[in-house]
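> could you work out the structure for the sequence below:
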Amino acid sequence: MFTGLIEVVGRVAHVAPSVTGRVLRVETALGAELREGDSIAVNGVCLTALDIATTGFSADVSRATLAATTFGAIGAGARVNLERSLRADARIGGHFVSGHVDGTGRIIEWRTDGEGRWLEVDVPAHIAGYLIEKGSIAIDGISLTVASLNGRRVGVQIVPFTLQHTALSDARIGAIVNLEADLLGKYVFKLLAERGLISAAAGAGEHR
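Down below sits the predicted model:
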């Protein structure tokens, strides 16, 4: 479990094919604080840290994860958001993020907004059905508040601190990002759907 509050930005050192998918090597100073087998969110994807050194770690990425996330196209040199798993005795900021990405979206607007930026993402219909204005969404592992919601267009405001301390400073129109809808919202949706209070099709973006 994570919070969506990014600790540091790492860099992909190399990507190599493996029997089960690919192996990702990430350079980060967090390597000095990791232990073999620790969970770590990389751009919002929960991975297991292996081959740990003070300069970074490696992680196996399955074919299913490659297909469902941006990792299918990631390459050496890419900057990535990193967050270690939540400690039970820690303060909880952001929101509950599982690290199980629901799908990917495309950036359709990225512009200056005061001292920060305005980001709009075209999200898949099955994710849009879980979102509400002022609710939470994780974009590349970053906990963000839904500032506007128009069909499949989700807008969020990026404050200067987030811009400076995450890989979002590399964002551009057309880029693909990992998305995870609010975990609590998905549980509420399932409960309401099972009781017939909302249409099961609402998860595909249809509401009644």
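
> when you work out contacts or count neighbours from here on, use the C-alpha atoms and nothing else.
Fine.

> list the buried residues in the lengthiest helix in the chain.
In the chain, with assignment by DSSP state H, the single longest helix is helix 183-194. The neighbour-count check on helix 183-194 (16 or more other CA atoms under 10 Å) flags 183, 186, 189, 193 as buried.

> would you map the helices across this structure?
For the chain, the helices defined by DSSP H cover 63-68, 125-128, 160-165, 183-194.

> which of the buried residues of helix 183-194 sits closest to residue 52?
Relative to residue 52, the closest of these is residue 183; by CA to CA it sits at 29.8 Å.

> where does the prediction get shaky in the chain?
For the chain, residues meeting the criterion pLDDT under 70 lie at 199-208.

> domains of it?
With domains defined by automatic domain parsing, the chain comprises 8-84, 103-204.

> wait, which of those is closest to residue 1?
domain 8-84 (8.5 Å).

> sorry, back to before: tabulate the buried residues of helix 183-194 in CSV, adding columns for distance to residue 108.
Below are the buried residues of helix 183-194 laid out as CSV (distance: CA to CA, whole Å):
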residue, distance to residue 108
183, 25
186, 25
189, 27
193, 31
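
> picking that back up, now the domains of the chain in TSV, with distance to residue 1?
Listed next are the domains of the chain as TSV, based on distance: least, CA to CA, whole Å:
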stretch	distance to residue 1
domain 8-84	9
domain 103-204	10
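
> just give me the neighbour total for the nearest residue to residue 26 once chain neighbours are set aside.
Once flanking residues are discounted, residue 26 sits nearest to residue 12: 4.5 Å by CA to CA, 6 or more residues apart in numbering. Counted with other CA atoms under 10 Å, the neighbours of residue 12 add up to 20.

> how close does residue 12 get to residue 61?
Residue 12 sits 13 Å away from residue 61, going by CA to CA, to the nearest Å.

> same thing with residue 50?
For residue 50, the distance to residue 61 - CA to CA - is 12 Å.

> likewise residue 89?
Residue 89 sits 29 Å away from residue 61, going by CA to CA.

> show me which of these two is the more surrounded one.
Using other CA under 10 Å as the criterion, residue 89 and residue 61 rank with residue 61 on top: 22 against 6.

> name the nearest residue to that one, ignoring sequence neighbours.
Using CA to CA, 6+ apart, the nearest residue to residue 61 is residue 22, at 5.2 Å.

> surely that neighbour is in contact with residue 16?
Yes. The criterion here is CA atoms under 8 Å, and residue 22 meets it with residue 16 at 5.5 Å.
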